[in-house]
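Student: just coords:
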């Protein structure tokens, strides 16, 4: 696969950043082992099919090693990275725009195979009992009856013939206790459900109603769900100007009863777009004021103050540290790490163009 000029320039720039930070400490080269650290996936520029992956060591004492898949395989991924799922040994890199999943070694990112049939606008993947379940919007993203879960046999990395049909707008997915929980953001429209797929009962599906456009979903320490509902933008049907937004909330679902036990609602016209969770604390980001807020999982109201992060596109929390990626599609994004106790930045490094997802390998 030919490497485009834009990605080549960023590749060279990344190498310059890395070489300028060289010291006597060991660090992974472009063909190294990427265990025990942070993986950052970057979407790439729109329609350029130049998604990339970066690595930062867990000690945060080196600049990022960028374009690790490209360096190992001497080829680009060839698509926009929507997300990555990890088994014990493999990384499943979902390329949304080319309907492909690249399967690579989890720790070296050497390509093993690819899955390029049976997918239609794939989004996210969860793993349960040796199988991968991939949300797909379907071939026509405005159609209400073609969304489904594709099923991958992880022992052979091949798609099974049968799929699991779901309601419109499937998006993020988590697995817990032999069940799959799927949010329905609505693709290019709107929906207001979380689907529950019971894998031990013939993949039977039940639906839980929440506020509009549920997206981020987390299984908490008790095995229940925390769901970020972003609300639906309302447009004037004459000139398509924005005239309002339906209610956005953080919703709590009891997985035993499949009921919503609490909904903390945002003020009119407000919403959060990113959410993370650690040790009973919920972290959420509001783009309107570029601020990260946190509440206890037992809270009944939203926070009134937080940490200004600037405009970010991805975030995660681990070991009381906030990991964020800056919103950038014209140059390398930045990975920024903030100590949540002191609220001070403790690390920053350039990562890929349009960096959006952060994983801990």
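Tutor: Yep, that arrived. Just so it is clear, the model here is predicted, and its values are computed rather than measured. Numbering: from 1, shown residues only.
Student: Could you list the buried residues of stretch 284-299?
Tutor: By 16 or more other Cβ atoms under 10 Å, the buried positions in stretch 284-299 come out as 284, 285, 286, 291, 292, 293, 294, 295, 297. (C-beta placed from N, C-alpha, C; glycine too.)
Student: I should have written stretch 78-98 there, sorry.
Tutor: 78-87, 90-98.
Student: Can you give the distance from stretch 344-358 to the centre of its chain?
Tutor: In terms of Cα atoms, centre = their mean, to the nearest Å, the centre of stretch 344-358 is set 14 Å apart from its chain centre.
Student: Now the terminal residues of that stretch, how far apart.
Tutor: The first residue of stretch 344-358 is 19 Å away from its last residue (Cα to Cα, to the nearest Å).
Student: same check, this time on stretch 114-126
Tutor: Criterion Cα to Cα; first-to-last residue distance in stretch 114-126 is 17 Å.
Student: Neighbours of residue 234, how many?
Tutor: Neighbouring residues of residue 234 were enumerated by other Cβ atoms under 10 Å; the total is 13.
Student: Where does it sit: helix, strand or coil?
Tutor: When states are read from DSSP: H, G, I helix; E, B strand; the rest coil, the local structure at residue 234 comes out as strand.
Student: again, but for the one 4 residues further on
Tutor: For residue 238, the secondary-structure state derived from three-state DSSP is coil.
Student: What pairs with the helix or strand where residue 84 lies, parallel or antiparallel?
Tutor: Using DSSP states H and E, residue 84 maps to strand 81-86. Next to strand 81-86 in the sheet, as set by DSSP bridges, lie strand 90-95 (antiparallel).
Student: I would like the residues contacting the strand it pairs with, please.
Tutor: When contacts are taken as Cβ atoms under 8 Å, 6 or more residues apart in numbering, the neighbours of strand 90-95 outside the stretch itself are 39, 41, 51, 53, 69, 77-86, 101-106, 109, 112, 122-125, 132, 134, 152, 154, 157.
Student: What's the PyMOL line that selects buried ones from the residues you listed?
Tutor: A single PyMOL command suffices to select whichever of the contacts of strand 90-95 are buried according to 16+ other Cβ under 10 Å:
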select buried, resi 39+41+51+53+69+77+78+79+80+81+82+83+84+85+86+101+102+103+104+106+109+122+123+124+125+132+134+152+154+157
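Student: Tell me which of the contacts of strand 90-95 fall in helices.
Tutor: Within the contacts of strand 90-95, membership in helices is found for residue 69, as judged by DSSP state H.
Student: Restricted to strands, list the contacts of strand 90-95.
Tutor: If you go by DSSP state E, these have 39, 41, 53, 81-86, 101-105, 112, 122-125, 132, 134, 152 in strands.
Student: Where in the protein is the helix or strand with the lowest mean pLDDT?
Tutor: Comparing helices and strands within the chain by mean pLDDT, DSSP states H and E singles out helix 5-20 as the least confident, with a mean of 47.
Student: how about the strands of the stretch 251-361 of the chain, start to end?
Tutor: Counting by DSSP state E, counting those that start in this stretch, the stretch 251-361 of the chain forms strands over residues 259-265, 274-278, 281-286, 291-296, 307-308, 312-318, 321-326, 334-339, 344-350, 355-360, given from the N-terminal end onward.
Student: how about JSON lines for those, with mean pLDDT and distance to residue 189 added?
Tutor: Shown next, in JSON lines, are the strands of the stretch 251-361 of the chain (pLDDT from 0 to 100; distance: least, Cβ to Cβ, whole Å):
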{"stretch": "strand 259-265", "mean pLDDT": "97", "distance to residue 189": "22"}
{"stretch": "strand 274-278", "mean pLDDT": "98", "distance to residue 189": "22"}
{"stretch": "strand 281-286", "mean pLDDT": "98", "distance to residue 189": "24"}
{"stretch": "strand 291-296", "mean pLDDT": "98", "distance to residue 189": "28"}
{"stretch": "strand 307-308", "mean pLDDT": "97", "distance to residue 189": "33"}
{"stretch": "strand 312-318", "mean pLDDT": "98", "distance to residue 189": "23"}
{"stretch": "strand 321-326", "mean pLDDT": "98", "distance to residue 189": "28"}
{"stretch": "strand 334-339", "mean pLDDT": "98", "distance to residue 189": "33"}
{"stretch": "strand 344-350", "mean pLDDT": "98", "distance to residue 189": "36"}
{"stretch": "strand 355-360", "mean pLDDT": "98", "distance to residue 189": "22"}
